[in-house]
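Novice: Sequence plus predicted model, see below.
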Amino acid sequence: MTPTAAGAGSAPTRTRPSRRRMLAGMAGATMAAPAAADTLAEVPPRGPGAPLSATSERSGYVHLGRIPESTPGRRPVDPGEAINSKTPLGQLVGTITPADLHYERSHAGVPDIDPALHRLLVHGMATRERVFTMDDIRAMPTTSRIAFLECTGNGWENWKTAPPDVTVQNTHGLVSTSEWTGVPLAYVLDLVGADPAATWMLAEGGDGAAVARSIPLTDEIIAEGMLAHGQNGEPLRPAHGFPLRLFLPGLEGNLNIKWLRRLKFGDRPFMTRWETARYTQLQADGSARQFQLRQEVNSVITAPSGMMQIRPGFNRVTGLAWSGHGRITRVEVSTDGARTWRDAAIAGPALPKAQARFQADWVWDGTPARLVSRATDEKGNLQPDRARFIAQTGTNALFHYNAQQTWAVDAEGRVRNVLA
Ligand SMILES: Nc1nc2c(c(=O)[nH]1)N[C@H]1C(S)=C(S)[C@@H](COP(=O)(O)O)O[C@H]1N2
Ligand SMILES: [Mo]
């Protein structure tokens, strides 16, 4: 990290040089002036607290919620018409999404499945076809992994036009990160004696939409896929597939079949309507691209972000970066609309195929600014700017938007969504 604009004359006056050097070493940062705290006389007195409870609630001072939508960008909606519900990225800290705020995309609502009645059929090109109960599955060895999940529709708000009055929750709220716990896919393949000639697997859900997708049995998918029954330390919640879902780190959200009830092995894709009609990408030349399965490198500044208000002087810039190819190795931020860049600090370990939190300090001089971030992953993929992305993909498509996000700051400190 290089020391930053702290020397530019607008640095906070209460930060002494020695302390500033120390902080610069830590995170390349200066910091806001500490509030005057010479006495606790104004602080309300202590008193008896509220009774303890079986489950704890968020502080009454904290207001967090998802936004249900009925179609890309249409909100607010009657929850009965919602097709997805977006994570409040602008209000969250760190990298793990609380389970109740994890984004949701369900094509036919959330089924109420009694785990005692749930079954998983595993069949096709295998020597020991089986029907498993949830007791069978919970008796199998598990693995746990922190990884992001992202709907391929994430970012579709900004594909063609950029509504100015939207938040980062609106533009990027279809991605979340959890610790997922479940049975390694490789274990199940062994258990049923999957034929080595089986190169594809059909996964089918137990919801009314019967979402079903063909998954190529690559080494990577066999090594990393899991039949998940836990999320952030508790059994899956119904919205996320209780009692069982497929989890495939780094791959498009739609493949992560919820309410999983069938796996079938074969030597070719099964061509379900979800991969012939729904999750294909119309290219600029009118042809359709099928089986675009990986989520590309992406990032977004979550603060300051859309509809926030900032003041001149010190501002902390922070956001999230992720890639379906592996670890995030670098995040750069620009405050002048992608003309000049500097490195952001990545806070904590950048896990493969998980969201990484980045931060950079910024002293805003009160003139209009444009905040942009761009991420690089361990395979060397650099998040494209919008012009390059559109030149490659065109504007017919709807999925896998990963162009750099620009937030415009006007002279009043209002932050708004714009297309670069
Ligand atoms: N059975 C079933 N699986 C499903 C879906 C669904 O509607 N039904 N939606 C898919 C889509 S489009 C996405 S993006 C992810 C969303 O998972 P989440 O709701 O846990 O975030 O689940 C996928 N798996
Ligand atoms: Mo999705």
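Specialist: Nice, I can see it. Numbers count the residues shown, from 1 in each chain. Ligands and ions are numbered 1, 2, ... in the order given.
Novice: Val300 and Gln405 touch, don't they?
Specialist: Yes - look at Val300 against Gln405 with C-beta atoms under 8 Å: they come within range, at 4.8 Å. All C-beta spots, glycine's among them, are computed from the backbone N, C-alpha and C.
Novice: Which neighbours do the two have in common?
Specialist: Val168, Thr171, His172, Ser373 (C-beta atoms under 8 Å, 6 or more residues apart in numbering).
Novice: what residues does the stretch 151-300 of the chain put near ligand 2?
Specialist: Contact residues, the stretch 151-300 of the chain versus ligand 2 (C-beta under 5 Å from the ion): Cys151, Gly253, Asn254.
Novice: Neighbour count for Val300 and Gln405, which is higher?
Specialist: More crowded of Val300 and Gln405, by other C-beta atoms under 10 Å: Gln405, with 30 against 27.
Novice: ok, now which ones touch that one?
Specialist: Asn158, Val168, Thr171, His172, Ser299, Val300, Ile301, Val372, Ser373.
Novice: how about whichever residue of the stretch 101-250 of the chain sits closest to ligand 1, phi and psi?
Specialist: Of all residues in the stretch 101-250 of the chain, Gly205 sits closest to ligand 1, at 2.2 Å by C-beta to the nearest ligand atom. Dihedral pair for Gly205: phi -90, psi 160, per degrees, to the nearest 10.
Novice: What score does it have for pLDDT?
Specialist: pLDDT, Gly205: 98.
Novice: re earlier: may I ask which of the shared contacts of Val300 and Gln405 has the most neighbours?
Specialist: His172 (30 neighbours).
Novice: Quick one: residues contacting the residue in the stretch 301-420 of the chain that ligand 1 sits nearest to.
Specialist: Across the stretch 301-420 of the chain, the shortest distance to ligand 1 (C-beta to the nearest ligand atom) belongs to Phe399, at 9.8 Å. Taking C-beta under 8 Å, 6+ apart, we find Phe399 in contact with Thr152, Gly153, Trp156, Glu252, Tyr279, Gln281, Gln292.
Novice: Name the residues linked to Ala203 by a beta bridge.
Specialist: Arg213, Leu263 (DSSP bridges).
Novice: burial of whatever residue of the stretch 1-150 of the chain ends up closest to ligand 2, as a residue count?
Specialist: Closest residue of the stretch 1-150 of the chain to ligand 2, C-beta to the ion: Arg105 (4.2 Å). For Arg105, the count of nearby residues is 22 (other C-beta under 10 Å).
Novice: how near is it to Ala203?
Specialist: The gap separating Arg105 from Ala203 is 16 Å, by C-beta to C-beta, to the nearest Å.
Novice: For the residue of the stretch 1-150 of the chain closest to ligand 2, which non-adjacent residue is spatially closest?
Specialist: Asn84 (4.3 Å; C-beta to C-beta, 6 or more residues apart in numbering).
Novice: quick one: pLDDT of the one you found?
Specialist: Per the predicted model, pLDDT is 90 at Asn84.
Novice: is it true that it touches Tyr103?
Specialist: Yes - Asn84 lies in contact with Tyr103 (C-beta under 8 Å); the separation is 6.9 Å.
Novice: Look at the residue nearest the centre of the chain and report its pLDDT.
Specialist: When the chain is reduced to its mean C-alpha position, the closest residue under C-alpha atoms, centre = their mean turns out to be Val175, at 2.5 Å. In this prediction, Val175 carries a pLDDT score of 98.
Novice: show me what contacts the spatially closest residue to it that is not a sequence neighbour?
Specialist: Sequence neighbours aside, Glu150 is the residue nearest to Val175 in space, at 4.0 Å (criterion: C-beta to C-beta, 6+ apart). Residues counted as contacts of Glu150 (C-beta under 8 Å, 6+ apart) are Leu174, Val175, Ser176, Glu252, Gly253, Gln295, Asn298, Trp322, Gly324.
Novice: how many neighbours does the residue of the stretch 151-300 of the chain found nearest ligand 2 have?
Specialist: With C-beta to the ion as the measure, Cys151 is the residue of the stretch 151-300 of the chain nearest to ligand 2, at 3.3 Å. Look at Cys151: counted by other C-beta under 10 Å, it has 22 neighbours.
Novice: Now do the strands in the stretch 101-250 of the chain.
Specialist: 104-105, 119-124, 130-133, 143-150, 175-184, 200-205, 212-216, 226-231, 234-235, 245-247 (DSSP state E, counting those that start in this stretch).
Novice: count of neighbours near Gln395?
Specialist: One correction, residue 395 is Thr, not Gln. Thr395, neighbours per other C-beta under 10 Å, totals 10.
Novice: Pretty sure it sits in a helix.
Specialist: No - Thr395: not assigned to a helix; according to DSSP: H, G, I helix; E, B strand; the rest coil it is coil.
Novice: Chain neighbours aside, what residue packs nearest to it?
Specialist: Leaving aside its sequence neighbours, Thr395 sits nearest to Lys160 (C-beta to C-beta, 6+ apart; 5.7 Å).
Novice: Give me the neighbour count for Val110.
Specialist: Around Val110 there are 16 residues (other C-beta under 10 Å).
Novice: got it, and the one 5 residues further on?
Specialist: Using other C-beta under 10 Å, the number of residues around Pro115 comes to 15.
Novice: Against Leu244, how distant is it?
Specialist: On the measure of C-beta to C-beta, Pro115 and Leu244 end up 8 Å apart.
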